[in-house]
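> fold the following.
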Amino acid sequence: AFGVTDTGRVRPSNEDQFLIAELTKTMRIWQTSLPEPKAQFGNERGHLFLVADGMGGRRAGEQASALAVVAIEQFTLNTFRWFFHSDKPEAQTALKQFQTALHQADYRVVEESLEHAELSGMGTTLTLAYHLDGRVCVVHVGDSRAYIFEDDALRQITHDHTVPEDMVRRGELQPEQVAQHPLRHVITNVVGGIEAGVYVEAHALDVHAGDRLLLCSDGLTEMVTNEAIATVL
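Numbers count the residues shown, from 1 in each chain. I've put the predicted structure just below:
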């Protein structure tokens, strides 16, 4: 796994945040008569991937995305059942837990914005993937995206929560008209914003050896075509 974020050539600051983490079972040994390590780790490994793209005036977007990432970290450490059997019922339970995590992150960002006038209305996109064995759970808010590259084909897992994409889903706009729509950057669903309350999109999918998972903000997808992304992957 690899992550990178870049300010780019136009804006003076970067409001994107990302996280790559490995989740393990750990046993910390305080005392023992045996000559063994003080920390031992289980064989089972989970992986957490996250991208958040903040929005808001001044440095508010940067703070919103950072707050959301920290909220997810704390939920994962203290609430989430890290390990589950990678069957569909268990994966659905994990999805529900991460949906709860995003609702908590939403509340945390709104709470902070209400306490500080200069942060009023700040929000962030958030796309998260949790991988264990042959299953990946994805939860999503906003217009950052998750893709799967499998069988030499790139497939977008998530849907953009923007004005034109919402119009497409209602049958009011054709998909090929989205790229040129004047409101294509207006996000209709964010973590944070003026008041608490967020819709959390959720997906569970099977993955196989050789598949590639990509999480990214619109800083990539606005500049690089799907064909070019697929070529790189």
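> use CA for all of it now, contacts and neighbours both
OK.
> tally of neighbours for the spatially closest residue to residue 13 that is not a sequence neighbour?
Sequence neighbours aside, residue 7 is the residue nearest to residue 13 in space, at 5.9 Å (criterion: C-alpha to C-alpha, 6 or more residues apart in numbering). Residue 7: 12 surrounding residues under other C-alpha atoms under 10 Å.
> likewise the one 5 residues further on?
When counting by other C-alpha under 10 Å, one arrives at 7 neighbours for residue 12.
> and stretch 142-156, how far from the chain's centre?
Mean C-alpha position of stretch 142-156 versus that of the full chain (C-alpha atoms, centre = their mean, to the nearest Å) differs by 13 Å.
> and the pLDDT at residue 85?
At residue 85, the model reports a pLDDT of 60.
> when you give positions from now on, start the count at 770
Okay, residue one is now 770; in that scheme the one you just asked about reads as residue 854.
> average pLDDT across the one helix or strand residue 989 maps to?
Using DSSP states H and E, residue 989 sits within helix 987-990. On average, the pLDDT along helix 987-990 is 93.
> same check on stretch 830-845?
Taken as a whole, stretch 830-845 has an average pLDDT of 96.
> okay, buried residues for that stretch please.
Residues of stretch 830-845 classed as buried by neighbour count (16 or more other C-alpha atoms under 10 Å): 830-838, 840-842, 844-845.
> which SS state does the residue nearest to residue 864 when sequence neighbours are not counted fall under?
Spatial nearest neighbour of residue 864, chain neighbours left out: residue 906 (6.1 Å); criterion: C-alpha to C-alpha, 6+ apart. Three-state assignment for residue 906 (DSSP: H, G, I helix; E, B strand; the rest coil): strand.
> how close does residue 906 sit to residue 995?
22 Å (C-alpha to C-alpha, to the nearest Å).
> who's more crowded, these two?
It is residue 906, of residue 906 and residue 995, that has more neighbours when counted by other C-alpha under 10 Å, with 22 against 16.
> need the contact list for that one.
860, 863, 864, 898, 899, 900, 971, 972, 973, 974 (C-alpha atoms under 8 Å, 6 or more residues apart in numbering).
> bridging residues for the fourth one?
Following DSSP bridges, residue 898 is listed with bridge partners residue 818, residue 907.
> that one against residue 818, yeah?
Yes: the pair residue 898 / residue 818 is scored as a contact, 5.1 Å apart, by C-alpha atoms under 8 Å.
> skip the chain neighbours and tell me the closest residue to residue 799.
Nearest to residue 799 is residue 807, by C-alpha to C-alpha, 6+ apart, at 6.9 Å.
> and residue 923, what is it in contact with?
When contacts are counted by C-alpha under 8 Å, 6+ apart, residue 923 is found next to 916, 917, 995, 999.
> actually, residue 836.
Residues near residue 836 by C-alpha under 8 Å, 6+ apart: 874, 877, 878.
> next one: residue 892
823-825, 829-830, 833-834, 878-879, 959-962.
> now render the residues you listed as TSV, adding secondary structure and distance to residue 885.
Output for those, formatted as TSV (DSSP: H, G, I helix; E, B strand; the rest coil; distance: C-alpha to C-alpha, whole Å):
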residue	secondary structure	distance to residue 885
823	strand	17
824	strand	16
825	coil	13
829	helix	10
830	helix	13
833	helix	12
834	helix	16
878	helix	11
879	helix	10
959	coil	19
960	strand	17
961	strand	14
962	coil	13
